[in-house]
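Engineer: below are the sequence and a predicted model for it; my questions follow.
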Amino acid sequence: EEVGGLVERLSVQAARHCKSMNAQATANTLWALAKLRHSPNESEAKQLLKNAEYKAGGFNAQNISNLLWALSKLAIPPSPELLSRLYARILHTASDFNEQAIANTFHAFSTMGIVPDESVLQALCDRAVQCREGFGAMGVCMMIRSLDIFCLLGAKPHHRVWSELARQAQNTVQDMHLLGVGQTMTAL
């Protein structure tokens, strides 16, 4: 209970002073709240998301991934303006996304039921193909499951990303847990 009270007070302070945060602190604050399983109240969430809109132009790949992951965990949908700014940053920083950032970004979008803009989806799929050998078993499972959800929501990811991830799944299948095996088989 004492820790919960502290987290609540920290959440209030973060919302109150968020305008003075830089891009990384903005993303990290929401990430930390999600990690602590603390949903900010409506007013705090509004302030923090508005600040994320303002700071989005300074986000790097990890900031974007962390922010989207946090929003998906906290069940806070991004505003259209924030989404638009994140899309612009993803297109600008796509070559900086590593395997974890790609998998987490895809997972966050799919969890929220958001299919990224076609250009964003294509840029991240292209980047996934470039670094496919770095995906571990969990990353492959997350990617394949997310792509499957995107398809169910009407997207048409490029065929090459499917074949490259399927090839990497073959390389990592011995490391997959049973849920990952089932999800991967269902998606394929």
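Structural biologist: Sure, I can see it. Just so it is clear, the structure is predicted and the values come from calculations on it, not from any experiment.

Engineer: could you list the buried residues of stretch 103-114?
Structural biologist: Buried residues in stretch 103-114, counted by 16 or more other CB atoms under 10 Å: 103, 104, 105, 106, 107, 108, 109, 110, 111, 114. Placement of C-beta: from N, CA and C, glycine included.

Engineer: hmm, who's touching it?
Structural biologist: 64-66, 68-69, 71-72, 77-78, 83, 90, 97, 115-116, 124, 135, 138-139, 142-143, 145-147, 149-150, 153 (CB atoms under 8 Å, 6 or more residues apart in numbering).

Engineer: which of those count as buried?
Structural biologist: 64-66, 68-69, 71-72, 78, 83, 90, 97, 115-116, 124, 135, 139, 142-143, 145-147, 149-150.

Engineer: so where's this protein shaky on pLDDT?
Structural biologist: Residues of the chain meeting the criterion pLDDT under 70: 1-4, 6-7, 9-18, 175-188.

Engineer: middle-most residue in it, spatially?
Structural biologist: Centroid-nearest residue in the chain, with CA atoms, centre = their mean: residue 105, separated by 2.6 Å.

Engineer: so that residue, which of the three states?
Structural biologist: Three-state assignment for residue 105 (DSSP: H, G, I helix; E, B strand; the rest coil): helix.

Engineer: distance check, it against residue 39.
Structural biologist: Plainly put, residue 105 is 21 Å away from residue 39 if you go by CB to CB, to the nearest Å.

Engineer: and the gap between residue 162 and residue 55?
Structural biologist: Counting by CB to CB, the gap from residue 162 to residue 55 is 34 Å.

Engineer: helices of the chain, residue ranges please.
Structural biologist: 2-16, 23-35, 42-55, 61-74, 80-93, 99-111, 118-130, 137-152, 159-172, 178-187 (DSSP state H).

Engineer: who does the fifth one touch, helix- and strand-wise?
Structural biologist: Contact partners of helix 80-93 among helices and strands, from 3 or more CB pairs under 8 Å, 6 or more residues apart in numbering; DSSP states H and E: helix 42-55, helix 61-74, helix 118-130.

Engineer: among these, which comes closest to residue 32?
Structural biologist: Ranking these by proximity to residue 32 (CB to CB) places helix 61-74 first, at 8.2 Å.

Engineer: what angle sits between that closest one and helix 42-55?
Structural biologist: Orientation note: helix 61-74 sits at an angle of 160 degrees relative to helix 42-55 (axes from the mean of the first three to the mean of the last three CA atoms, to 10 degrees).

Engineer: distance from helix 61-74 to the middle of the chain?
Structural biologist: 5 Å (CA atoms, centre = their mean, to the nearest Å).

Engineer: now tell me what touches that helix from outside.
Structural biologist: For helix 61-74, contacts defined as CB under 8 Å, 6+ apart pick out 23-24, 26-28, 30-31, 33-35, 37, 39-40, 45, 52, 59, 76-78, 86, 89-90, 93-94, 96-98, 100-102, 104-105, 107-109, 111-112.
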